[in-house]
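A.B. asks: please find the sequence and the predicted model below.
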Amino acid sequence: AAKHGKPYVALEDGFLRSLGLGRDDPPLSLLIDDEGIHYDARNPSRLDRLLAVTLDAGQVERALELVATWRRERVSKYNHQRDPEDGVLPGRFVLAVDQTHGDASVAGALADRQSFTRMLRAALDENPECTVVMKTHPDVFAGKARGWIDTAGLDPRVLVLAQDVHPAALLERAEAVYVVSSQLGFEALLHGVPVHTFGMPFYAGRGLTRDALPAPAWRQPVTLALVVAVNCTVSG
């Protein structure tokens, strides 16, 4: 597009995408960005520019209502998973999230394979009294992709979920969430769970998360209500 002087608009799956997996169901929402794309921290995006605005009282109230609705209805990006059976989850745990290998949001978040290694190590070291529950991506469970974390030879305190569990069931009980760039980190913020990032996803570097990487210069502290309100503006 740049070579031929054409306008460029990036489209990406919305945060509340579909019932089934992305490759099976068309998206019910899309993110639209004519300046960059939200998952690429190497350049500013429309999301970054919109986060410089100030919300009025009505917009804050609407954003907080959206957060409450998200939690009450227990929705996620994909919604085909079910709650775990009794006894599957340990009494106390933190959640570590794997992603699909080659996901553009990993490179865009200034991360690589070693970021996942550091994430898992930190989850173990910082939570000695908790099990570390590791969730793989739904596409990995479906055999359509592979993950970043090699599950062979993991620390015995790491529990790799043997079933594709609905995220809400995990976020309602997790004491903290560790991610590289997964959307589950954003969903954890909506559930009021502390989030540790090892890449630079769109919700990191804004004073809402504990980050292993420095934030880009254009990112400043904001409220969760502002992030939620702006995300509703760039998606539809």
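C.D. replies: Happy to help now that I have it. Numbering: from 1, shown residues only.

A.B. asks: wouldn't residue 89 be in contact with residue 133 here?
C.D. replies: Yes - judged on CB atoms under 8 Å, residue 89 makes contact with residue 133 at a distance of 6.8 Å. Using the backbone N, CA and C atoms, a C-beta is placed for each residue, glycine as well.

A.B. asks: who has more neighbours, these two?
C.D. replies: residue 133 (23 against 20; other CB atoms under 10 Å).

A.B. asks: returning to what we had before: any common contacting residues for residue 89 and residue 133?
C.D. replies: Jointly contacting residue 89 and residue 133 under the rule CB atoms under 8 Å, 6 or more residues apart in numbering are residue 170.

A.B. asks: mind listing what the most centrally placed residue in the chain touches?
C.D. replies: Among the residues of the chain, the one closest to the centroid is residue 183, at 1.6 Å (CA atoms, centre = their mean). Listed by CB under 8 Å, 6+ apart, the contact partners of residue 183 are 15, 77, 201.

A.B. asks: so where's the protein uncertain?
C.D. replies: The chain contains residues with pLDDT under 70 at 22-23, 138-145, 233-236.

A.B. asks: kindly list the longest helix within the chain.
C.D. replies: helix 57-73 (DSSP state H).

A.B. asks: would you mark the buried spots in that helix?
C.D. replies: 59, 60, 63, 66, 67, 70, 71 (16 or more other CB atoms under 10 Å).

A.B. asks: show me what it is packed against.
C.D. replies: helix 184-190, helix 224-234 (3 or more CB pairs under 8 Å, 6 or more residues apart in numbering; DSSP states H and E).
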